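Novice: make a model of this:
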Amino acid sequence: MLKMMIGFFKDLWTYRHQVKKQTKWMEKYINQKQYALNPSWMMSTNLKIWLSEMDATFGKRFCPCFEPSSDADLNKKMLCPCEFIEDEIAEYGTCHCALFGKKDLSKEGWKASSKRLMSEYKIPLNLSNGILDTRGKPRDSRRNLPVPDAMHQLKATLNHYPGDTLKLIVENEQEVKNLEKIAIFRGFGFEQGKSQDYYEVTLKLR
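Specialist: Predicted coordinates for the structure are as follows:
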């Protein structure tokens, strides 16, 4: 928990200027649409940090819940605020990442949506002997993308992984491209390979 808090405030300092910019457009947006921001300062700030990191890594403000796909039209729809927001707010009370929600949503409603989100991403990782197999995860019904995807599984692994080298097994070439951008952004060494049924990425973390 302490490590997570230290990481949070370190990221907040790194992205402090971007977070201010995110806050400005979000306030205009919720006023226009009659929505509300997640009332949890920690949750909403984390999401602003992750949006800033997505922008810095991929060059666009993609929704922090999903890595970019190979479908250019879908990627446009996933720019925050994404094109799925109204449908998801109607179903859950919030958008998928629980950043935006109904203006009159109760505290219990916000907590339920955040809990739903965490249940999707906090799953056991298929990690063994320095190899993370990211395949075979459930797919989001609206975007047809895995949850959690390779990017989020990598982030979860890095929170506790002690090794210098990590190998990932991924389903498709787009995930390889995304991992390469993440490696460049984070200063990791990067190698890739392909077998008959899957792709491999090796990250040199230190």
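
Novice: so where's the protein shaky on pLDDT?
Specialist: Within the chain, the ranges that satisfy pLDDT under 70 run 1-2.

Novice: now the helices for it?
Specialist: Taking DSSP state H as the criterion, the chain contains helices spanning 2-14, 16-33, 41-58, 72-77, 85-92, 107-121, 150-158, 173-186.

Novice: same for the first one, what does it pack against?
Specialist: Counting by 3 or more C-beta pairs under 8 Å, 6 or more residues apart in numbering; DSSP states H and E, the packing neighbours recorded for helix 2-14 are helix 41-58. To be clear about C-beta, it is placed using only N, CA and C from the backbone, and glycine gets the same treatment.

Novice: so what touches the helix it packs on?
Specialist: Residues from elsewhere that reach helix 41-58 (C-beta atoms under 8 Å, 6 or more residues apart in numbering): 8, 11-12, 15, 18-19, 22-23, 26, 37-38, 60-64, 68, 80, 97-99, 114, 178, 181-182, 185.

Novice: how distant is that helix from the center of its chain?
Specialist: 9 Å (C-alpha atoms, centre = their mean, to the nearest Å).

Novice: how about stretch 165-173?
Specialist: Averaging C-alpha coordinates over stretch 165-173 and over its chain gives two centres that are 17 Å apart (C-alpha atoms, centre = their mean).

Novice: how about it: buried residues?
Specialist: Neighbour counts over stretch 165-173 (16 or more other C-beta atoms under 10 Å) mark 166-171 as buried.

Novice: for that stretch, give me every contacting residue.
Specialist: 70, 130-135, 146, 150, 153-154, 157, 176, 179, 198-205.

Novice: mind doing that once more with 6 Å?
Specialist: The set of residues that contact stretch 165-173 without belonging to it, under C-beta atoms under 6 Å, 6 or more residues apart in numbering, is 131-135, 150, 198-204.

Novice: what's the span of stretch 165-175 from first residue to last?
Specialist: With C-alpha to C-alpha, to the nearest Å as the measure, the first residue of stretch 165-175 is 18 Å from its last.
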